[in-house]
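Colleague: model this:
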Amino acid sequence: MHQSRKNFIVFNFFSWYIRYILKKDFSAYVFNPFEVKKQKAVLLLANHFSWWDGFLMFQLNRLVFKKEFHVLVTEEDYEKYWFLKYLGAFAAEGKGKDVVETLLYAGKLLDDPANIVLMFPQGKCYSVYIDSIAFEKGIMQVINASKKEFQIVFAANLVDHTSRKPGVYTYLSSWEAEEHTSLQLLKSEYNKHYEHSLKKQSKALV
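Modeller: Have a look, this model is predicted:
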């Protein structure tokens, strides 16, 4: 498994740089007020539509959750963007057994209230204009590998071009999982949130 690495200098530089490029390239980054359960870890599930998604959620964690940031990425991205490992990224090395071990590792991270684990259920990048978000089955392995005492948070990230610079909007909601949560139920509940977010965003710009 490709693990994350800690480097105080690199982490702090990119924390500053991410704030800088978000402010430079977007007219605004807006998210709704959200109550964080400090005594619980957070599993943050977000749609994946752009190169910016991880940076947006990194910044969101800095402003809202304020936990130790971890994100599951593809091996390709882990190797292509060298700095991701210093921002909390980890990835499976190859396929098969290592994928399972990586998912188990993600689940164990959720047993520590100090952590937030970001996952993109789609597994890869899709257009922002799709109607629903697909869920890969690996997410259930992560959940089942934990003590299931964490907070599940849905994040729907949307972009609107109403000025020269686009605005980015993140809609957050917390979901209380049932004792025997299924992949289909999780997908259904996330997509209800996603659909509701789309409706709110369309009304906000009328």
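Colleague: From now on I want contacts and neighbour counts done on CA atoms only, so please keep to that.
Modeller: Fine.
Colleague: What's the local residue count around the closest residue to Thr102 other than its chain neighbours?
Modeller: Spatial nearest neighbour of Thr102, excluding adjacent residues (C-alpha to C-alpha, 6 or more residues apart in numbering): Ala92 at 5.6 Å. Under the neighbour criterion other C-alpha atoms under 10 Å, Ala92 is assigned a count of 22.
Colleague: ditto for Leu110
Modeller: 25.
Colleague: Give me the local confidence score for it.
Modeller: In the predicted model, Leu110 carries a pLDDT score of 97.
Colleague: Make 54 the starting number, not 1.
Modeller: Renumbered: residue one is now 54, and that last one reads Leu163.
Colleague: Distance of the nearest residue to it once chain neighbours are set aside relative to Leu156?
Modeller: Closest residue in space to Leu163, ignoring its immediate chain neighbours: Ala94 at 5.4 Å, by C-alpha to C-alpha, 6+ apart. When C-alpha to C-alpha, to the nearest Å is the yardstick, Ala94 and Leu156 sit 16 Å from each other.
Colleague: now Ala167
Modeller: Applying C-alpha to C-alpha to Ala167 and Leu156 gives a distance of 19 Å.
Colleague: Comparing these two, which shows the higher neighbour count?
Modeller: Leu156 (23 against 17).
Colleague: about what we covered before: would you mind confirming that the residue nearest to Thr155 is in contact with Glu128?
Modeller: Yes. Applying C-alpha atoms under 8 Å as the test, Ala145 and Glu128 come out as touching, 6.1 Å apart.
Colleague: where do the contact lists of these two overlap?
Modeller: His55 (C-alpha atoms under 8 Å, 6 or more residues apart in numbering).
Colleague: Count the residues that sit near the residue nearest to Leu163.
Modeller: Neighbours around Ala94, by other C-alpha under 10 Å: 25.
Colleague: Likewise for the one 5 residues further on?
Modeller: Residues lying near Ala99 (other C-alpha under 10 Å) number 25.
Colleague: where does it fall, phi/psi-wise?
Modeller: phi -140, psi 150 (degrees, to the nearest 10).
Colleague: same deal with Asp106?
Modeller: Per degrees, to the nearest 10, the backbone of Asp106 is at phi -60, psi -50.
Colleague: contacting residues for it?
Modeller: Per C-alpha under 8 Å, 6+ apart, neighbours of Asp106: Asn210.
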